[in-house]
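**Student:** Need the 3D shape of this:
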Amino acid sequence: MFSETFPQEKRQIGLKMKKTTHIIQNMNNSLRFGLLLCGIMLLMNGCDLFNHKEKFDKTLLSGYWVSGSLYEYYNADGTGYTWDFLDDVTEEEAQRFTWTLEKSTLTQIHQMEMGGNVPKIYTVTKLNATTLEYHDDYGKYYTFTKEK
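**Tutor:** All right, here's what the predicted structure looks like:
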């Protein structure tokens with residue numbers, strides 16, 4: 001009786017092993033594919049392919065810019081100052097800053113009267129001979145027109 005059922009059990013075990021082998025092969029293929037995708041994504045991210053920041057000409061920034069009562073003046077040497085007539089501040093009392101423009105990132109480092117520096121970072125969206133537009137990470141948008 002044992003010899004009669006043994007070949008059938010052996011056949012069932014063989015089928016189960018084939019299914020298991022097939023499942024393991026599929027898992028290996030999926031794992032390889034997943035690792036390949038991760039590698040491609042890391043490569044693309046490392047190459048900065050998705051970072052499409054526009055590059056602006058920093059020489060266009062020099063001069064006076066006006067947005068309502070807010071004025072900003074940029075020197076070609078990377079210094080500048082800003083004032084707001086609504087705050088009862090004149091150009092002579094303006095807040096001094098240094099600035100850099102790298103691609104679309106405008107960084108102003110404001111120099112405080114009591115000492116210390118306050119960085120302000122903006123993303124420039126438009127810069128030409130007559131218009132300067134930028135915004136900060138808090139949703140505040142600015143549009144300036146060139147004066148003088």
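**Student:** When you work out contacts or count neighbours from here on, use the C-alpha atoms and nothing else.
**Tutor:** Fine.
**Student:** Report how many residues lie close to residue 113.
**Tutor:** Burial of residue 113 is recorded as 9 neighbouring residues (other CA atoms under 10 Å).
**Student:** Which strand or helix spans it?
**Tutor:** Assessed by DSSP states H and E, residue 113 sits outside every helix and strand.
**Student:** What separation do you get for it and residue 100?
**Tutor:** 21 Å (CA to CA, to the nearest Å).
**Student:** And residue 109, by the same measure?
**Tutor:** Per CA to CA, residue 109 is found 9 Å from residue 100.
**Student:** what is in contact with these two at once?
**Tutor:** Common neighbours of residue 109 and residue 100 (criterion: CA atoms under 8 Å, 6 or more residues apart in numbering): none identified.
**Student:** quick one, which of the two is more surrounded?
**Tutor:** Comparing residue 109 with residue 100 by other CA under 10 Å, the one with more neighbours is residue 109, at 18 against 15.
**Student:** Please name the nearest non-neighbouring residue to that one.
**Tutor:** Counting by CA to CA, 6 or more residues apart in numbering, residue 119 is the residue found nearest to residue 109 once chain neighbours are left out, at 4.3 Å.
**Student:** Near the one you found, how many other residues are there?
**Tutor:** Residue 119 has 12 nearby residues by other CA under 10 Å.
**Student:** Residue 140 now?
**Tutor:** With other CA under 10 Å as criterion, residue 140 counts 9.
**Student:** how about the strands in this protein?
**Tutor:** Listed in chain order, the strands of the chain (DSSP state E) span 63-67, 70-74, 79-84, 95-102, 105-111, 117-127, 131-135, 141-147.
**Student:** Okay then, goodbye and thanks.
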